[in-house]
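A.B. asks: only geometry, no sequence info:
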């Protein structure tokens, strides 16, 4: 598979057929071979022609075929010749930008996507990919500008997805929420969008509205045939920063048995998990009237410790987070320890 240099879902639909804006550049037989994924046939057919007779189109289709075959060196070579011969060849700029993106030449990719848009103001995928580059470099305002154009042109599920996520990353939760709601009309069984709605609602303190989405994401996990989803054993419900720590709060899908963790926080320092803070349920302590206890796992020493803080009933989320922050401030005493593997 082609090299994925950012997160796994960013290139959805990027490699769909993109016709040259100028119809004169399109050669039907190569389009058909491209649609049927006969990329080597494109190369062989073109190389039967004397190169001195190549037009911009021949160089473009050679570049496109090599791009499909994941040979970025040859793809970039031929696509650059195509745009030298036809400076208004929008599709050539688009795939050249894509090849530069794959090979982490992001500045070049940006310039070629921008040229593509200059030639074709409605080229939605070029706006999308500029958004992707800026999002992953942390330039969220530029990402939002480009995703907004992508959404304005397409209003597709993919464009809606991008708008929802970038607004969440920018902590614009109220603005993100309608896009999530819109996406869930396309696909109510979306694992990621149900999870994003949960994150938004927790970030806004709207805990009472969360249950339907938590029930749905659990249902999706239970019934999915997608191995990437089935491998997940938890879903994050809230993320926050506190005193230099990054904290992800999550729920596990399987919460059964005499002892389990209804809630767990991954506590990260410099992007490394150093400990977890756990709300634990224990049938043994339940007999003493305290079924829920506060515990921690120290990752480096593989040590589990339990505090003297307990709850007779499942605590409100804000109460749990209050104690998590006290743990991070070293204001909670943890007693007996045990090792785990």
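C.D. replies: Yes, it's here. Please read all numbers here as calculations on a predicted model, not as lab measurements. Numbers count the residues shown, from 1 in each chain.
A.B. asks: On the three-state scheme, residue 315 is what?
C.D. replies: coil (DSSP: H, G, I helix; E, B strand; the rest coil).
A.B. asks: excluding its backbone neighbours, what's nearest it?
C.D. replies: residue 292 (6.6 Å; CB to CB, 6 or more residues apart in numbering). (Glycine included, C-beta is placed from N, CA and C.)
A.B. asks: May I have the beta-bridge partners of that neighbour?
C.D. replies: Beta bridges link residue 292 to residue 281, residue 311, judged by DSSP bridges.
A.B. asks: now it: how far from residue 238?
C.D. replies: 18 Å (CB to CB, to the nearest Å).
A.B. asks: What residues does the residue nearest to residue 315 make contact with?
C.D. replies: 262, 279-281, 310-315 (CB atoms under 8 Å, 6 or more residues apart in numbering).
A.B. asks: Pull out the buried members of those residues.
C.D. replies: 262, 279-281, 310-311, 315 (16 or more other CB atoms under 10 Å).
A.B. asks: pLDDT and distance to residue 189 added to those, as CSV?
C.D. replies: Formatted as CSV, the buried ones among the contacts of residue 292 follow (pLDDT from 0 to 100; distance: CB to CB, whole Å):
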residue, pLDDT, distance to residue 189
262, 94, 25
279, 97, 28
280, 95, 31
281, 95, 29
310, 93, 38
311, 96, 34
315, 95, 31
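A.B. asks: ok so, going back, and the residue nearest to residue 315, how far from residue 257?
C.D. replies: Distance from residue 292 to residue 257, by CB to CB: 15 Å.
A.B. asks: ok so, going back, dump the buried ones among the contacts of residue 292 into JSON lines; add distance to residue 91 as well.
C.D. replies: Formatted as JSON lines, the buried ones among the contacts of residue 292 follow (distance: CB to CB, whole Å):
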{"residue": "262", "distance to residue 91": "53"}
{"residue": "279", "distance to residue 91": "54"}
{"residue": "280", "distance to residue 91": "57"}
{"residue": "281", "distance to residue 91": "58"}
{"residue": "310", "distance to residue 91": "65"}
{"residue": "311", "distance to residue 91": "61"}
{"residue": "315", "distance to residue 91": "57"}
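A.B. asks: Going by distance to residue 243, which of the residues you listed wins?
C.D. replies: residue 279 (20.3 Å; CB to CB).
A.B. asks: For residue 194, give its distance to residue 220.
C.D. replies: From residue 194 over to residue 220 (counting by CB to CB), the distance is 7 Å.
A.B. asks: More neighbours: which of these two?
C.D. replies: residue 194 (26 against 19; other CB atoms under 10 Å).
A.B. asks: before we move on, what SS does that one have?
C.D. replies: helix.
A.B. asks: Just give the nearest non-adjacent residue to it, would you?
C.D. replies: Closest to residue 194 by CB to CB, 6+ apart is residue 217, at 4.3 Å.
A.B. asks: Just the buried residues of the helix or strand hosting residue 276, please?
C.D. replies: Using DSSP states H and E, the element containing residue 276 is strand 272-282. Neighbour counts over strand 272-282 (16+ other CB under 10 Å) mark 275-282 as buried.
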